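>>> got a predicted structure plus its sequence, pasted below:
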Amino acid sequence: MNDPLDVVTDLYAQYVNPGLARLMSFAGFGLESRAEGMYVYDQEGNAYLDCLGGYGVFALGHRHPKVVEAAKAALDSMPLSSKVFFNEKMARLAERLASITPDGLQYSFFVNSGTEAVEAALKFARHYRGRPVFVATEGGYHGKTFGSVSVTGREKYRTPFEPLLPGALFVPFGDLDALNQAVSEQTAAVIVEPVQGEGGIHVAPPGYLNAAAEIAHKVGALLILDEVQTGMGRTGKMFAAEHEGVQPDLMTLAKALGGGVVPVGALVGTAEVWEQVLGENPLLHTSTFGGGQLACACALATLDVVEEEGLPQRAAERGQLMKQGLQQVKDAQADLIAEVRGIGLMLGVEFAMDEVAELVIAHMLKRGVIAAYTLNNPRVIRFEPPLIITEQEVDRAVNAFGEAVEETAGLLQAIESGGVN
Ligand SMILES: *Cc1c(COP(=O)(O)O)cnc(C)c1O
C-alpha cells in the first residue's frame, strides 16, 4: 500500500466518504498534486485539461498570477478582518460590484460560499415584506444548506431533510404562465438562475427574466437572480443578466468571484431592500469570516483580470467555437446525443439515455480531459473550462470528447450484440 493514490483512496474510504471514494475511483480520478492555468496535474505529473473548471470556480484558470500576488500581499499584511475597524478592501469591492452589476444594485453583503449568499438573499427577501412564500424553478440549484435546498428543484436533495422552509413553490423553468399563476400577494421572492447550471445547462428563453421581474414586482415581490455560477463572464457577459438587461432586486455571486484562489461570495441588492432589512439593526445578518481582507483582495484582483483580459468576450468567442465542435460530434452520433446547448463557456451535452455520460467522462479522462455531469441531471456533461482557454485547447477538448463518445458507442454496440463477455 505504498502507492500514494491507494493510500489516499483508503483514507477517503475510512475517514471521508466511502461511497465517494468508490465513485471517484470508478471514474478513474487520480490524486491532484498541483494546478496551473488550464491544467490540473496528478501524482505522476500527468496534465489534465480542465473542462469542468471547478463548476465555474476557475474562470481565470488555476492560480492566476495576479490573484496569487494579491493573496500573498494580504497574507503579509492582514488576511482576515478585525471586524471592528473599517475594512477598505471590502468597501472598495462593494463599490466595484455596485458599478458593474445591473442598475439599482448598490449594496453588498459578503460571505464565503454560494449557498450562504442564497441564504442571505432568502432572509432579506423574507424580511423585506414579511411574506412567507418563495417561488423557484424545477431543476434549479441554489445550494445545500436548509434555506437554499428548500428552493432547489430536485426532490432527491430535499426529501431526506424535510421539513424544510415552508411555502416553497416550484414551476417549470422558462414557463411564464406557470410563474404568473404561482406568484401571489404571499410571495416574498422569485428565485431563478439565468442559466440553470446543475439542472443541465438550460438557458432562460429570451425575455423570460424580464417578464419574471415584472410578474414579481406586480405583487410587490422581489426577483432574486442567482448568478453564483453564471457571474464573472462565464456566459459571454460579465453577468448573465446583461443578455436581456434584467434588473433583479437581489443578486447572488460566489464561485468565480475569488478568482479560483479563495472562497468568496456576495449578496448584492438594492438600497430599498438594505434600508428595510438592515436599517434598524445593522447587525441583523452577519458573517464572521465574510468580507475578510484576503477574500476581498482576491476578488478585486479577479475583477481586474476579468476586465483586462476581456474574459467575457473570450467566453463568447471560444464558447461559440466549442459549441460548434460539440454540435459536429452530435451530428456524427445522433443516436447517442440528444442535444448540445448553452451560452458562452457554459455548455451542456445531453445524452439520449442514462449512464452514457459516466462512461464518456471516464474515456475523456483517459485522454487527459476533465469533464463532469450536472448535479441535478446526470445525463448532461457540462463544459465549463476556464475562460482563458485557447482555440487549440478547445479543439483538443472537442476531439477528446468525440473520441470518447465513439469509444462509448462501440462499447454499447458490443454489449447489445452480445460481443462483450
Ligand atoms: C454552486 C451553486 C450554488 C451553491 O454554491 P456553493 O458555494 O456550493 O454553496 C448556488 N447557486 C448556484 C446557481 C450554483 O451554481
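Thanks, I have the structure now.
>>> ok, and for the longest helix that the chain contains, which residues are buried?
Counting residues, the longest helix found in the chain (DSSP state H) is helix 391-416. Along helix 391-416, these residues count as buried under the neighbour rule (16 or more other CB atoms under 10 Å): 393-394, 396-398, 400-409, 412. Every residue, glycine included, has its C-beta placed from N, CA and C.
>>> please apply the same query to stretch 240-252.
Ala240, Ala241, Glu242, His243, Glu244, Val246, Gln247, Pro248, Asp249, Leu250, Met251, Thr252.
>>> picking that back up, the longest helix of the chain packs against which elements?
Applying 3 or more CB pairs under 8 Å, 6 or more residues apart in numbering; DSSP states H and E, one finds that helix 391-416 makes contact with strand 47-50, helix 311-332, helix 356-366, strand 369-370.
>>> cutoff 7 Å now
strand 47-50, helix 311-332, helix 356-366 (3 or more CB pairs under 7 Å, 6 or more residues apart in numbering; DSSP states H and E).
>>> could these go into a markdown table alongside mean neighbour count?
Below are those laid out as a markdown table (neighbours: other CB atoms under 10 Å):
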| stretch | mean neighbour count |
| --- | --- |
| strand 47-50 | 20 |
| helix 311-332 | 19 |
| helix 356-366 | 20 |
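>>> picking that back up, tell me the angle of the longest helix of the chain relative to helix 356-366?
130 degrees (axes from the mean of the first three to the mean of the last three CA atoms, to 10 degrees).
>>> distance from the chain centre to helix 391-416, please.
From the chain centre to the centre of helix 391-416 is a distance of 25 Å (CA atoms, centre = their mean, to the nearest Å).
>>> show me what the mean pLDDT comes to for it.
The pLDDT scores in helix 391-416 average 95.
>>> next: stretch 244-256.
Averaged over stretch 244-256, pLDDT sits at 98.
>>> what's next to that stretch, contact-wise?
Here stretch 244-256 makes contact (CB atoms under 7 Å, 6 or more residues apart in numbering) with 55-57, 59, 101-105, 113-114, 117-118, 121, 124-125, 206-207, 209-210, 213, 222-229, 231-232, 234, 241, 265-270, 273.
>>> and the residue of the chain found nearest the ligand, how many neighbours?
Per CB to the nearest ligand atom, Gly114 is where the chain lies closest to the ligand, at 2.1 Å. Neighbourhood size, Gly114 [other CB atoms under 10 Å]: 28.
>>> how about Arg367?
16.
>>> quick check: it vs Val356, distance?
Relative to Val356, Arg367 is positioned 17 Å away (CB to CB, to the nearest Å).
>>> equivalent analysis for Asp42, please.
Taken as CB to CB, the span from Asp42 to Val356 is 25 Å.
>>> can you put the buried residues of stretch 240-252 in CSV and add distance to Leu284?
Listed next are these as CSV, based on distance: CB to CB, whole Å:
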residue, distance to Leu284
Ala240, 29
Ala241, 27
Glu242, 31
His243, 34
Glu244, 33
Val246, 28
Gln247, 25
Pro248, 21
Asp249, 18
Leu250, 15
Met251, 20
Thr252, 18
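>>> any stretches of the stretch 151-300 of the chain with poor pLDDT?
Along the stretch 151-300 of the chain, the model assigns pLDDT under 70 to no residue.
>>> can you list the residues of it near the ligand?
Listed as neighbours of the ligand in the stretch 151-300 of the chain under the rule CB under 6 Å from any ligand atom: Glu193, Gly197, Glu198, Asp226, Val228, Gln229, Ala254.
>>> return the backbone torsion pair for the residue nearest to the fifth one when sequence neighbours are not counted.
Beyond its immediate neighbours in the sequence, the residue positioned closest to Val228 (CB to CB, 6 or more residues apart in numbering) is Gly114, lying 3.8 Å away. Gly114 has phi and psi values of phi -70, psi -50 when expressed as degrees, to the nearest 10.
>>> wait, doesn't Gly114 sit right on Gly265?
Yes. Assessed by CB atoms under 7 Å, Gly114 is found in contact with Gly265 at 5.7 Å.
>>> ok, back up a step: tell me which of the buried residues of stretch 240-252 fall in helices.
Among the buried residues of stretch 240-252, no member lies in helices (by DSSP H).
>>> contacts for the helix or strand containing Gly147, please.
Gly147 belongs to helix 146-150 when assigned by DSSP states H and E. By CB under 7 Å, 6+ apart, the list of residues contacting helix 146-150 from outside reads Thr115, Val118, Glu119, Leu122, His142, Gly143, Tyr157, Arg158, Phe161, Leu164, Leu165, Ala168.
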